[in-house]
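In: Okay, predicted coordinates and the sequence, questions at the end:
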There are 2 protein chains.
Amino acid sequence: MNQTAIARSWVEHANGHRDFPLQNLPLGIFSRPGEALRCGVAIGDAILDLEAVLATGLLAGQAKVAVEATRGGALNAFFALGRAARVALRERLLELLGEHCEHQQSMQAALYPASECQLHLPAKVGDYTDFYVGIQHATNVGKLFRPDNPLLPNYKYVPIGYHGRASTLRPSGTDVRRPKGQTLPAGETEPRFGPCARLDYELELGIWIGQGNDIGQAIPIAEADQHLAGLCLLNDWSARDIQAWEYQPLGPFLSKSFITTLSPWVVTAEALEPFRCAQPARPDGDPQPLPYLLDPKDQARGAFDIELEVLLLTERMREQGLPAHRLALSNTLNMYWTVAQLIAHHSVNGCQLQPGDLFGSGTLSGATPDAYGSLLETTLGGKQPVELASGEKRTFLEDGDEIILRARCSRDGVGSIGFGECRGKIIAAN
Amino acid sequence: MNQTAIARSWVEHANGHRDFPLQNLPLGIFSRPGEALRCGVAIGDAILDLEAVLATGLLAGQAKVAVEATRGGALNAFFALGRAARVALRERLLELLGEHCEHQQSMQAALYPASECQLHLPAKVGDYTDFYVGIQHATNVGKLFRPDNPLLPNYKYVPIGYHGRASTLRPSGTDVRRPKGQTLPAGETEPRFGPCARLDYELELGIWIGQGNDIGQAIPIAEADQHLAGLCLLNDWSARDIQAWEYQPLGPFLSKSFITTLSPWVVTAEALEPFRCAQPARPDGDPQPLPYLLDPKDQARGAFDIELEVLLLTERMREQGLPAHRLALSNTLNMYWTVAQLIAHHSVNGCQLQPGDLFGSGTLSGATPDAYGSLLETTLGGKQPVELASGEKRTFLEDGDEIILRARCSRDGVGSIGFGECRGKIIAAN
């Protein structure tokens, strides 16, 4: 294939669009001022209102069923339909938005400028699980505590994860209130209470679950990938000082549950298909996954090659008109386990997954400092500040700082698609 | 007051009922065969159908609004109304079920034998948080790892908790499928995969949240108790061998998320009011709670005096017609923190609580072995088996074993109320 084979849209601003060309078609929940929430598809700088498309009569069969399942302001019922319905809708939208479509006039009426729309969470998350499968991150964080032995003995056998808080998931653009909590100042034995002084971000992939399973019924690894609905970006904001004091023995709690920000578009498994690749070979000496986590098909095509970027913009940088500072450029290939392995592991004890459940991957740092996905790593636990063009320095985040996550996949002959942004700005503690 | 002052019901089997006399009136969600889920109130051995009461026209004002909010098969909207609506409904039901009620015939038609009804979870749990505030349990478990220093330095400052799994909460009577998972056999360095061999129960109090808070807005300790809707029993089934291998560094995960069993009746804050008492004084040398957790009113009346009981019934005991074996008799006064302190702590970082959220207290062991709330403690980590009248021994739970949790409050002149049962029987791994 060559570039000329990339399908084009009659929506001109979609062709060559950084994030949302025709071959992406991510789904989300949007609203226009004063109107109800409904499902839309991002195309270039516009949003296609699926309810309006349905009203044109241009949808039939499974594609129609799929759109009917997007009603009610959340995609859970749509996710529950599984892959076939997603594919049917995608195929029909590729026709209707493709350059040879004969219904452009009807379709045009269903397009709104994205700038006039508000985006919401795409689904009502039943349970949110945060994994820890970025092996560079786990190694970097482990080194801060155990320089000679950064990874615990279970790390290469168990896809480590913990239950997160679903109620404080918020869409991109929601302000991040600096949390208060207990912290133990260095050298002291009694905690103090006050605003977090070591506020951090974490660069993560968000994983949307499609069809679920019954309680007591594990999802076999060979079928696990069929339960993936799509991906997004996730910022697992972290209060490092609260975390250090509270997390033993049961894990992070209030240090993570003040807010978690998601990019609002669900980039579907189908749109990501061209960007799948083999899971990187494990280093010599690493154990093989146990059989319940091992599937040849998954090893061959279960990984994603997605470039991830983190940008920082401070209040002063905004005032001075400076561009955002790139904190990290990383990749989802830093995941030690595939999405299918996470799904198989999560359900192997009989735990019920439900449509619209969300996983976070864990922080996806790369091997070098310019790819570290948290300030804890970039600044070596606050010891080595980041220097900015504004003359400012940062160890952790200050009020007014904004973190912007981006993701993009690109392949010759296939073109590229993006995830849109996952933004959040710190505001002062109450 | 003396016993004669205890209000009586025209529902004769309610008077002196072990769990559900007139002064209890717990709420739950039930169904009759082939019919939709709806809200009921336990009264003696019967269930009062609130929808049927509404149809009689005997409810008005806030009591009527309250019942309308119980529709849809879940109490979340009712919980969201808060205390005033609960009180209005309770006051009216005390009249309508009281011995002097003039509408007994109409009311009688709204009563069903409990034995003909199925009970469900009372609410759709948005988020489930499991605390660890049973200080005897934390001490006992800590001793297994650190005999000289069982409690970590944060324990007496921080109400320790972690996020749990909401999707696998189930009502009493649901079978408990033995989970599979990774475990590390003693003395080995590589894990194996298979059915859990150290399956345990945990005796906990379940805490239902009524009105919630907005993200970013902490609930002050002085107002926290107003956010309590009611209590239930909770069995936090635990796979000890899976837990030991998986839990570092982020806490328990699959060892807890295969099922968590709840007693189906919400015993309201109002019914429990007579059984409240002062929070037990902290032992000499323990720190005072930080100011955000300290409220004189809460210290004086924030605790609950509820007796808790655990029974074990094996397959062979059932065959031999033997009564259940009492594993433990404990009390909620073993909580190191009050419910109000848990609510204030959970929200102090701005975390949003929502109506129908659920907290577990953590295992509520007493000081002596006959009050230990898990087999891990009772058998000293499996070293000292429990001997049963059937001639059997138990270190951990075997297939066919059933665990029954019960709770009861009693006070002279007030009488006693109970929680009903929280039962679960182990079935073989898939």
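Out: Yep, that arrived. Numbers count the residues shown, from 1 in each chain, chains lettered A, B, ... in the order given.
In: Checking the residue of chain A found nearest chain B next. Helix, strand or coil?
Out: For chain A and chain B, the shortest gap (C-beta to the nearest C-beta) falls at A:G251, measuring 2.6 Å. C-betas here are computed from N, CA, C, even on glycine. Here A:G251 is coil, with the state taken from DSSP: H, G, I helix; E, B strand; the rest coil.
In: hang on, isn't it packed against B:I160?
Out: No. At 9.9 Å, A:G251 does not count as touching B:I160 under the criterion of C-beta atoms under 8 Å.
In: coming back round to it: distance-wise, check the residue of chain A closest to chain B relative to A:Y132.
Out: 10 Å (C-beta to C-beta, to the nearest Å).
In: what's the answer for A:T314, then?
Out: 29 Å.
In: Do you know the pLDDT at A:P147?
Out: At A:P147, the model reports a pLDDT of 85.
In: So it: helix, strand or coil?
Out: Applying three-state DSSP: A:P147 is coil.
In: Enumerate every residue touching A:F193.
Out: A:180-183, B:290-292 (C-beta atoms under 8 Å, 6 or more residues apart in numbering or on different chains).
In: got any residues that touch both of A:G251 and A:Y132?
Out: Joint contacts of A:G251 and A:Y132 (C-beta under 8 Å, 6+ apart) are A:162, B:250.
In: How about the residues of the stretch 201-350 of chain A by chain B?
Out: A:215-218, A:239, A:242, A:245-255, A:257-259, A:287, A:290-292, A:345-346, A:348-350 (C-beta under 8 Å from any C-beta of the partner chain).
In: out of these, which are inside strands?
Out: A:A239 (DSSP state E).
In: Only the buried subset of the residues of the stretch 201-350 of chain A next to chain B, as a PyMOL command please.
Out: This is the PyMOL syntax for the buried subset of those, where burial follows 16 or more other C-beta atoms under 10 Å in any protein chain shown:
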select buried, chain A and resi 215+216+218+239+242+245+246+247+248+249+250+251+252+253+254+255+257+258+259+290+292+345+346+348+349+350
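In: and the residues of the stretch 201-350 of chain A next to chain B, which of them are in helices?
Out: The helices in this structure, assigned by DSSP state H, contain A:242, A:245-246, A:345-346 from these.
In: can you tell me which of those residues lies nearest to B:V339?
Out: When these are compared for distance to B:V339 (C-beta to C-beta), A:E246 wins out at 19.3 Å.
In: any idea which strand is longest in chain A?
Out: strand A:402-411.
In: which residues sit against that strand?
Out: A:18-19, A:201, A:203, A:205, A:233, A:235, A:263, A:272, A:274-275, A:304-314, A:324, A:327, A:397, A:416-426.
In: Among these, name the buried ones.
Out: So, by 16+ other C-beta under 10 Å, the buried ones in the contacts of strand A:402-411 are A:19, A:201, A:203, A:205, A:233, A:235, A:263, A:272, A:274-275, A:304-314, A:324, A:327, A:397, A:416-426.
In: Just the ones of those residues in helices?
Out: Reading helices off those with DSSP H, I get A:L272.
In: Could I have the CA atoms of the lowest-mean-pLDDT helix or strand in chain A written out in PDB?
Out: When each helix and strand of chain A is scored by mean pLDDT, DSSP states H and E, helix A:135-145 comes last, with a mean of 92. The C-alpha coordinates for helix A:135-145 follow below in PDB (Å, rounded to 0.1, in the frame of the first residue of the first chain):
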ATOM      1  CA  ILE A 135       7.900  -2.100  33.600                       C
ATOM      2  CA  GLN A 136      10.200   0.900  33.200                       C
ATOM      3  CA  HIS A 137       8.000   2.900  35.700                       C
ATOM      4  CA  ALA A 138       7.800   0.000  38.200                       C
ATOM      5  CA  THR A 139      11.600  -0.300  37.900                       C
ATOM      6  CA  ASN A 140      12.200   3.500  38.300                       C
ATOM      7  CA  VAL A 141       9.900   3.800  41.300                       C
ATOM      8  CA  GLY A 142      11.300   0.600  42.800                       C
ATOM      9  CA  LYS A 143      14.800   2.000  42.600                       C
ATOM     10  CA  LEU A 144      13.800   5.000  44.700                       C
ATOM     11  CA  PHE A 145      13.100   2.500  47.600                       C
END
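In: for it, which positions count as buried?
Out: Going by neighbour count (16+ other C-beta under 10 Å), the buried part of helix A:135-145 is A:135-138, A:140-143.
In: same question, stretch A:168-175
Out: Neighbour-count burial for stretch A:168-175 flags A:168-172, A:174 (criterion: 16+ other C-beta under 10 Å).
In: near chain B, which of the residues you listed show up?
Out: A:168, A:170.
In: who touches the nearest residue to A:T378 once chain neighbours are set aside in this structure?
Out: Spatial nearest neighbour of A:T378, excluding adjacent residues (C-beta to C-beta, 6 or more residues apart in numbering or on different chains): A:Y372 at 4.6 Å. Contacts of A:Y372 were listed using C-beta under 8 Å, 6+ apart, and they are A:136-137, A:140, A:327-328, A:330, A:365-366, A:378.
In: Please work out which residues outside stretch A:315-324 touch it.
Out: A:311-313, A:325, A:388-392, A:399-402, A:404.
In: Could you do stretch A:334-341 as well?
Out: By C-beta under 8 Å, 6+ apart, stretch A:334-341 touches A:131, A:133-137, A:155-156, A:159, A:205, A:207, A:221, A:224-225, A:228, A:279, A:289, A:293, A:295, A:298-299, A:302-304, A:345, A:359, A:361-362, A:364-367, A:371.
In: List only buried entries from those residues.
Out: For the contacts of stretch A:334-341, a neighbour count by 16+ other C-beta under 10 Å gives the buried set as A:131, A:133-137, A:155-156, A:159, A:205, A:207, A:221, A:224-225, A:228, A:279, A:289, A:293, A:295, A:298-299, A:302-304, A:345, A:359, A:361-362, A:364-366, A:371.
In: Can you add distance to A:E91 and give the buried residues of helix A:135-145 back as CSV?
Out: Below are these laid out as CSV (distance: C-beta to C-beta, whole Å):
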residue, distance to A:E91
A:I135, 37
A:Q136, 38
A:H137, 38
A:A138, 40
A:N140, 43
A:V141, 43
A:G142, 46
A:K143, 48
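In: Closest one of those residues to A:T189?
Out: Nearest to A:T189 among the buried residues of helix A:135-145, with distances taken as C-beta to C-beta, is A:V141, at 24.5 Å.
In: Could you report the distance from that closest one to A:I160?
Out: For A:V141 relative to A:I160 (C-beta to C-beta), the value is 12 Å.
In: likewise A:G415?
Out: 35 Å.
In: Compare those two (neighbour count), which wins?
Out: A:I160 (25 against 20; other C-beta atoms under 10 Å in any protein chain shown).
In: in the stretch 1-150 of chain A, which spans are helices?
Out: A:50-55, A:61-68, A:76-81, A:83-97, A:104-108, A:135-145 (DSSP state H, counting those that start in this stretch).
In: which of those sits most buried?
Out: Stretch with highest mean neighbour count among these: helix A:76-81 (a mean of 22; mean count of other C-beta atoms under 10 Å in any protein chain shown).
In: can you tell if that one touches chain B?
Out: No. Figure legend: helix A:76-81 not in contact with chain B (C-beta under 8 Å from any C-beta); closest approach 12.5 Å.
In: contacts for that helix?
Out: Residues contacting helix A:76-81 (C-beta under 8 Å, 6+ apart): A:27, A:39, A:65-66, A:69-71, A:85-86, A:123-124, A:126, A:208-212, A:229, A:354-356.
In: Please apply the same query to stretch A:82-96.
Out: With contacts defined as C-beta under 8 Å, 6+ apart, stretch A:82-96 is touched by A:7, A:22-23, A:25, A:41, A:48, A:53, A:58-59, A:61-63, A:65-67, A:69, A:78, A:101, A:103, A:107, A:210-211, A:226, A:229, A:268-271.
In: Point out the residues in the stretch 51-200 of chain A that sit beside chain B.
Out: Near chain B, when you scan the stretch 51-200 of chain A using C-beta under 8 Å from any C-beta, you find A:126-127, A:132, A:152-154, A:157-158, A:160-168, A:170, A:177, A:179-182, A:184, A:189-191, A:193.
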